[in-house]
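**Student:** structure for the following, please:
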Amino acid sequence: MDKSLIRNFSIIAHIDHGKSTLADRILEATGAVDRKHKGDQLLDDMDLEKERGITIKASMVRLSYHSIDDKDYVLNLIDTPGHVDFTYEVSKSLAACEGAILVVDAGQGIEAQTVANYYLAQENKLAIIPVINKIDLVNADVPRVKRQIVSVLGFKEEEIILASAKEGRGIEDILERVAEKIPPPAGEITNPLKALVFDCRFDTFKGVVVFVRVMDGELNSRAQIKLMQKGQTYKIEELGVFKNLKYSQAESLSCGEVGYFTANIRDPREIIIGDTITDTKKPCQAALPGYRTLKPLVFCGIYPVNAGDFPNLRDAIDKLKLSDASFVFEPENSQSFGSGFRCGFLGLLHMEIVQERLEREYNLNLILTVPNVVYRIRKRDGTAIEVDTAAKFPPPQDIQEALEPYAILLMIIPVDSIEAVCELAKSRRGAFQANEYLGEDRVKLIFDIPLSEIIVDFYDRMKSLTRGYGSLDYEFKGYLPTQLVKLDIMLNGVVCDAFSLLLHKDKAMAKAQALVTRLKELIPRQLFEVAIQAKVGGQIIASEKVRSQGKHVTAKCYGGDITRKRKLWEGQKQGKKRLKQFGKVEIPQEAFLEVLRI
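**Tutor:** Predicted coordinates for the structure are as follows:
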């Protein structure tokens, strides 16, 4: 294949700015799908993506395009997610491209993830094509959005393409610009084979399907290949491209092409995203740099409701890891839930999506513990440890200094919401750093804020205060000193580890009161009184009681001497005392789930 006619590009944008709809129109315009095919989000193959209207996984498809200058181009399109939690998917897709289409909503304008993705594309030295989408909307303000793109991102006005993906306007202009502006891939076919593994998925019949971008040389369907990081060798069984939304076999993939291969790989753990593939007969000298490993920011425990489902959960997590390299896990045991996994995520939406995928795709019933971040503790003996669960928190007397992760929070909001949003950020221990006005009605705010304060409900609160017009992006900054305490919940004097959590000293009292009050409502009455207490260190800071169930032990007594009734009452009193000492408090499943929402 003539390398000069290959164009590899991604579509990047803020969430809900029309990436997937634009990808659908491009598929139709290039004949990859029939125009009568009315399915939406054609590249989003998960039910979850279609239901929520968001892209979770980057998708790849090969297209053929006949340009105005009578040339036949091969376009490799990678559709990417827009939510901040899936930045890893975007970054690994961009590493396999030479260009990107940056989509901006004509009504919403530039938002936080627009800016973040623009800088991500610039870091990868990509040619960027700015597109204003949804120009057919009633609230579209094209002149304002053009001014934003020119002033904030530095494009010239004549570079901006106007489009309506819904109506199919501007699609030909975009395809022509892709062919004209995005450079052909570098590399030489005469060099030894060097290919980047940029994605994988598990297929029940084919095993692990590996998606690759050939950087140098040629990948042959009969080749014996080697994964350079793992050092393992495989014989290719099937080689091809993803064309017209189907696997299409090919004899070879030459320099610059994007495709897939299978090699009877059944264990998902054998593949590392970002690994380099080379030929065993004529290997390349050095591996590609691969991907920067993203450290998870949010951690929680995942346990099966039925202990017998643990092997199924382990297999499901192994397969999910294959298609989501930013998800990490390790085995864990809990007194309350038994065997499970301690899992790390890039954010709360990422956590929610992983839970739903495990439950739907692998038919599991799961419990998730309270999400938290990783703290660093410097002990008095000079050692430093990382703590991601309350169980690992050392005694207060052993701690010299506690450090918590901070994030640089970027928000783009309407001007009339500044006061309310700043108040929200300050109430979450945020420190104002800078602001910048983007036109007459939008402002960019930058705060330094503890990561633990924004992972749960900050985004929802900010969206509510800005009437849906605000957006945010955050970036890990580093660890700073904090006053960290461990909050334990005790039921009749026994610590329930599932409810234990780490938090800032100033937040402990309010959180403790909220927890014990909610648990009082959720824990059913037992045959004995249940004392619910919240403690920090050795001090009880909140307490509630669940009254015991009444049992009418003298109901069978009719008339007779009072001493008979007194004897029964005394026996009941002693029994309740013994039950309180040895009885096990039954905590319903709903209690664990409800506590997550506090």
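**Student:** what strands flank the strand or helix carrying D473, and is each parallel or antiparallel?
**Tutor:** In this structure, D473 is located in strand 471-482 according to DSSP states H and E. The strands beside strand 471-482 in its sheet (DSSP bridges) come out as strand 399-414 (antiparallel).
**Student:** return the helix or strand in this structure with minimum mean pLDDT.
**Tutor:** helix 47-52 (a mean of 46; mean pLDDT, DSSP states H and E).
**Student:** quick check: closest non-adjacent residue to L153.
**Tutor:** Computed as C-beta to C-beta, 6 or more residues apart in numbering, the closest residue to L153 that is not its neighbour in sequence is Y118, at 5.6 Å. For glycine as for every other residue, the C-beta is placed from the backbone atoms N, C-alpha and C.
**Student:** which residues touch that neighbour?
**Tutor:** Each residue near Y118 by C-beta atoms under 8 Å, 6 or more residues apart in numbering is listed here: 12, 102, 128, 153.
**Student:** hmm, the third one is touching A121, no?
**Tutor:** Yes. Checked against C-beta atoms under 8 Å, the pair I128 and A121 is within contact range at 5.4 Å.
**Student:** neighbour count winner among those two?
**Tutor:** Neighbour count, other C-beta atoms under 10 Å: between I128 and A121, A121 has more, with 22 against 19.
**Student:** wait, a helix at the more buried one?
**Tutor:** Yes. According to DSSP: H, G, I helix; E, B strand; the rest coil, A121 belongs to a helix.
**Student:** chain neighbours aside, what residue packs nearest to it?
**Tutor:** Closest to A121 by C-beta to C-beta, 6+ apart is A100, at 4.6 Å.
**Student:** in contact with that neighbour, which residues are there?
**Tutor:** Residues in contact with A100 (C-beta under 8 Å, 6+ apart) are 9-12, 94, 117, 121, 126-129.
**Student:** now name the helix or strand holding it.
**Tutor:** Using DSSP H and E, A100 maps to strand 99-105.
**Student:** output that strand as CSV, restricted to C-alpha atoms.
**Tutor:** Extracted as CSV, the C-alpha positions of strand 99-105 are listed here (Å, rounded to 0.1, in the frame of the first residue of the first chain):
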residue,chain,number,x,y,z
GLY,A,99,-3.9,13.9,13.4
ALA,A,100,-7.0,14.8,15.4
ILE,A,101,-10.4,16.4,14.7
LEU,A,102,-11.2,18.7,17.7
VAL,A,103,-15.0,19.0,18.0
VAL,A,104,-16.6,22.0,19.8
ASP,A,105,-20.3,22.3,20.5
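**Student:** which residues in the stretch 401-550 of the chain form helices?
**Tutor:** 418-427, 458-465, 508-522 (DSSP state H, counting those that start in this stretch).
**Student:** for the longest one, which positions count as buried?
**Tutor:** Which is helix 508-522. 508, 511-512, 515-516, 518-519, 522 (16 or more other C-beta atoms under 10 Å).
**Student:** what does the pLDDT read for the residue minimising distance to the centre of the chain?
**Tutor:** In the chain, the centroid-proximal residue (C-alpha atoms, centre = their mean) is H350; its distance is 2.4 Å. You'll see H350 listed with a pLDDT of 75.
**Student:** likewise T55?
**Tutor:** pLDDT at T55 comes out at 47.
**Student:** picking that back up, for P296, which of the helices of the stretch 401-550 of the chain is the nearest?
**Tutor:** With distances scored as C-beta to C-beta, the stretch of the helices of the stretch 401-550 of the chain nearest to P296 is helix 458-465 (17.8 Å).
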